[in-house]
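**Student:** give me coordinates for this.
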Amino acid sequence: TIAIVRTGSQGGDLAYALEEAARFERELSQVRKESSKGMFSAIGGFVAGIVTILASTMYVAPEMMDSGFVQAGDANIDWVMIMADWTTWIAITVGSLVGGLFLLNFLFRPISPAFIDRIILRIPYYRDMVLAKNNYMVFFGLAVLLKAGLRVEEALSLSIDSSPKGELRNDLIRARKALREGDAQSWPYVMNMLHPTDKASLATAQDRTQIANTIDSLARQYQSLYRSRIETFVPALQAFSALFLTIAGFVLFGVSILPLMQSSSDILNAL
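**Tutor:** Presented below is the predicted three-dimensional model:
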C-alpha cells in the first residue's frame, strides 16, 4: 500500500493511487479472511489424519493383535498396515514439499532474493502465489508514472528505487540500462519476469501512452492472477485434507474393528 501511494505521489496522481490502494486492500482483505478460515481447518484435518494413522499403526494395531480374543481367531490386517504405511509416506512427502516451498520463500528469499526468485519462476502455480502480488504493485506504480508524463527511463528509475530486492528489480535495472545505451526496442526482452507475449507487446508499443496502457494491463493481470491462486489453493488443500482424513479413519477402522470381526467369524465357524 505504501509503495502504491508513494508512486502515485511521485507521478502526480495521488487520488487515483489512494483509490487503487484502498480497493486492492479491501479485495485482498476479503480473500485473506475467507482463505485463512479454510487454511486452518485444512491444516488441522491434515495433522489430525497423520496423528490418527500413526496412533492406529503404532499403538492400536499392536494392542489389538496381542489381545487374547484376536489371537484366538485368525485375523489378518497386513493389507491395512501396508496401506497405512503408504499413506504415511505420501503425507510426509507432501508435507515436506509444502514446507520446503514456504521455507524457500520466507527463509531463503530474504537472504538472496533474485536467486530464489529465479528458482520460484520455474515452479508452476506456486510462482503466481509468491511473485504475482509484488509484480502487480511494481507494474501498477510504473504505469502511474508513465501516465503522469514521465519518460520511460525516468519511470523505471523511480520504480527501481521503490521496488523490493529481487529478480523484478533486476529486470527494471537491465531495462533502464538498455534504454540508456540507446536500444529502445529491446528493453522489454531483457526482463526475465515477463512472458514472451508481454515482452512483444511492450516492444511493439508505438509511444509512451501505449507502453503505459500495456504495463497497466500487466498490473491488472498479475492482480487477478494472485487473487485466483489464493482462492483456489485453499479449496484444493481442503479437498486433500478431507481425503487424507477419510483414509485415516478407514485405517483406524481396519486395525481396531476389522480384527475383532475376523476373530468373531473364525470362533463362530469353529463352534
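**Student:** which residues sit against stretch 48-60?
**Tutor:** 81, 84-85, 87-88, 91, 95, 241, 244-245, 247-249, 251-252, 254-256 (C-beta atoms under 8 Å, 6 or more residues apart in numbering). Glycine gets a C-beta too; all of them are placed from N, C-alpha and C.
**Student:** those residues in helices, which ones?
**Tutor:** In this view, the contacts of stretch 48-60 that belong to helices under DSSP state H are 81, 84-85, 87-88, 91, 95, 241, 244-245, 247-249, 251-252, 254-256.
**Student:** look up phi and psi at the closest residue in space to A175 that isn't next to it in sequence.
**Tutor:** Excluding its sequence neighbours, the residue lying closest to A175 (C-beta to C-beta, 6 or more residues apart in numbering) is W187, at 4.3 Å. When read as degrees, to the nearest 10, the backbone of W187 gives phi -60, psi -30.
**Student:** and W187, what does it touch?
**Tutor:** Counted by C-beta under 8 Å, 6+ apart, W187 has contacts V152, R174, A175, R176, A178, L179, L202, A203.
**Student:** the closest residue in space to L237 that isn't next to it in sequence is in what secondary structure piece?
**Tutor:** Of all residues not flanking L237 in the chain, A42 sits nearest, at 4.2 Å (C-beta to C-beta, 6+ apart). Using DSSP states H and E, A42 sits in helix 14-55.
**Student:** tell me what the helix or strand just after that helix is packed against?
**Tutor:** As assigned by DSSP H and E, the chain's next helix or strand after helix 14-55 is helix 61-66. On a contact count with 3 or more C-beta pairs under 8 Å, 6 or more residues apart in numbering; DSSP states H and E, helix 61-66 meets helix 208-270.
**Student:** of the ones in helices among the contacts of stretch 48-60, grab the buried ones for PyMOL.
**Tutor:** Restricted to buried positions by 16 or more other C-beta atoms under 10 Å, the PyMOL selection for those reads:
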select buried, resi 81+84+87+88+91+241+244+245+247+248+251+252+254+255
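**Student:** before we move on, the earlier item: what number of residues lie near the residue nearest to L237?
**Tutor:** 22 (other C-beta atoms under 10 Å).
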